[in-house]
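Q: need coordinates for the below:
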Amino acid sequence: MPEPKEPERAIAGTGMGGAMDLAESEAETLEKTPGGPQGTGPQGKPRSLWSDAWRDLRGNPVFIIAGLVILFLVVISLWPSAIASGNPLKCDLAKAQEGSQPGHPFGYDGQGCDVYTRTVYGARNSVAVGVCATLGVAILGSVLGGLAGFFGGIWDSILSRITDIFFAIPVVLGGLVLLSVVTSSTIWPVIGFMVLLGWPQISRIARGSVITAKQNDYVQAARALGASNSRLLLRHITPNAVAPVIVVATIALGTYIALEATLSYLGVGLKPPTVSWGIDISAASPYIRNAPHALLWPSGALALTVLAFIMLGDAVRDALDPKLR
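A: Numbering: from 1, shown residues only. Below you'll find the model as predicted:
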């Protein structure tokens, strides 16, 4: 009786640098599958951390909700006149503290200004301060922390001591001292102050991430092959060390928006005639009993904005951290 023939075998790539022994028909089916085996993309190519993170984010309802809120804030920051046709600086004392009216759904504040219009226009400066401060902090902190973590030695020690000094400065107290002498009504002094006191946090995150990344085998192999320091930093270390910085910066963006409102409330942040949620909250505080609506709407817009950025940061952290999957 003839023995049954063994099915012909084939070697199929796993997409992770290895191979597995499969029947020829199974290997052909695997190669023809558009998505490839689990952990690979089209044509069997291995998925990167960023593609996996984007796939997770698209299916995360927290990220979708936070993204829609932030997108709406960006749109009204760029084109506030699209939903608010009034002038935020036009006030009528005869209508001071009046409630909701047709065409003025949020009522009027203590100076007779339309609360709805000022709330919409206040998003522009508050979001601009948060975004610009976050970019400045992320760039400065990442560069200083990354270089200190990569080179180490005396430069790492010096940066660590400077970072400790800046961490010892209370943020609000520092703002009261430094910004009290500024007379400009633009957003740049506030942004500069936030960058000055905010970079140490990102610097420490970047330093630790670079120290961890440079100890990996692929970095040591590239160094053994003669790769220069600039190539190691730009091609091998930075792409694998930037994820924690992105997560912290995303969460910090909401914090900087709240900090701007706090400093404006205390009178040392943005100053009139600049329109800001912090300024409106400060102006409405004395009339909280007679006109609570003037305080409710800018406070609610501020809270919703900060919450959206914190939710976005949490979703990005969960997607970029493989330990949480």
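Q: now C91: phi and psi?
A: Listed backbone geometry of C91 is phi -130, psi 150, with angles given as degrees, to the nearest 10.
Q: got the contact list for it?
A: Going by C-beta atoms under 8 Å, 6 or more residues apart in numbering, C91 touches Q111, G112, C113. Glycine gets a C-beta too; all of them are placed from N, C-alpha and C.
Q: where do the strands sit along this structure?
A: 9-13, 19-23 (DSSP state E).
Q: let me know the closest of the contacts of C91 to V181.
A: Q111 (27.0 Å; C-beta to C-beta).
Q: quick one: contacts for the closest one?
A: C91, L93, A96, A283.
Q: any stretches of the stretch 1-150 of the chain with poor pLDDT?
A: Applying pLDDT under 70 to the stretch 1-150 of the chain picks out residues 1-50.
Q: the same query, at a cut-off of 50, please.
A: Applying pLDDT under 50 to the stretch 1-150 of the chain picks out residues 1, 5-38.
Q: all helices of it, in order?
A: 24-32, 49-58, 61-78, 115-151 (DSSP state H, counting those that start in this stretch).
Q: still on that earlier bit, now the contacts of Q111 as TSV including distance to S142?
A: Listed next are the contacts of Q111 as TSV, based on distance: C-beta to C-beta, whole Å:
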residue	distance to S142
C91	44
L93	50
A96	48
A283	38
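Q: now for the residues you listed, which pair is the farthest apart?
A: Counting by C-beta to C-beta, the most remote pair of the contacts of Q111 is L93 and A283, 13.5 Å apart.
Q: which one of the two has more residues nearby?
A: When neighbours are counted by other C-beta atoms under 10 Å, L93 and A283 differ, and A283 comes out ahead with 19 against 10.
Q: show me the contacts for the more buried one.
A: D109, G110, Q111, A294.
Q: quick check on those: which are buried?
A: Neighbour counting by 16 or more other C-beta atoms under 10 Å classes D109, G110, Q111, A294 among these as buried.
Q: mind picking the two most distant members of the contacts of A283?
A: Using C-beta to C-beta for every pair in those, the one that comes out farthest apart is Q111 and A294, at 9.3 Å.
Q: before we move on, back to that, just the helices of the stretch 1-150 of the chain: most buried one?
A: Among these, helix 115-151 has the highest mean neighbour count (mean count of other C-beta atoms under 10 Å), at a mean of 22.
Q: now it, how far from the chain's geometric center?
A: Centre-to-centre, helix 115-151 and its host chain are 9 Å apart (C-alpha atoms, centre = their mean, to the nearest Å).
Q: what's the angle from that helix to helix 61-78?
A: If you take axes from the mean of the first three to the mean of the last three C-alpha atoms, to 10 degrees, helix 115-151 sits at 120 degrees to helix 61-78.
Q: now, which of the contacts of Q111 sits nearest V181?
A: Looking across the contacts of Q111 and measuring by C-beta to C-beta, the closest to V181 is A283, at 22.8 Å.
Q: how close does that closest one sit to D109?
A: Separation of A283 from D109 (C-beta to C-beta, to the nearest Å): 6 Å.
Q: name the residues contacting each of the two.
A: A294.
Q: can you redo the buried ones among the contacts of A283 as TSV with distance to P80?
A: Output for these, formatted as TSV (distance: C-beta to C-beta, whole Å):
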residue	distance to P80
D109	17
G110	22
Q111	19
A294	19
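Q: closest to A66 among those residues?
A: Closest to A66, out of all of the buried ones among the contacts of A283 and judged by C-beta to C-beta, is A294, at 27.4 Å.
Q: check contacts around that closest one.
A: Applying C-beta under 8 Å, 6+ apart, the residues near A294 are Q97, G107, Y108, D109, G110, V115, D280, A283, A284, Y287.
Q: again, only using 7 Å
A: G107, D109, G110, V115, A284, Y287 (C-beta atoms under 7 Å, 6 or more residues apart in numbering).
Q: what is the end-to-end distance of stretch 279-290?
A: 19 Å (C-alpha to C-alpha, to the nearest Å).
Q: so for it, mean pLDDT?
A: On average, the pLDDT along stretch 279-290 is 89.
Q: can you point out the buried residues in it?
A: By 16+ other C-beta under 10 Å, the buried positions in stretch 279-290 come out as I279, D280, I281, S282, A283, A284, Y287.
Q: in this protein, which residue is most central in space?
A: T250 (1.7 Å; C-alpha atoms, centre = their mean).
Q: now L233: how far from L135?
A: 20 Å.
Q: ok, the nearest residue to D56 once chain neighbours are set aside - how many residues close by?
A: Excluding its sequence neighbours, the residue lying closest to D56 (C-beta to C-beta, 6 or more residues apart in numbering) is A319, at 4.3 Å. By other C-beta under 10 Å, the residues close to A319 number 24.
Q: thinking A319 is in contact with R58, fair?
A: No: if you go by C-beta atoms under 7 Å, A319 and R58 don't touch, sitting 9.6 Å apart.
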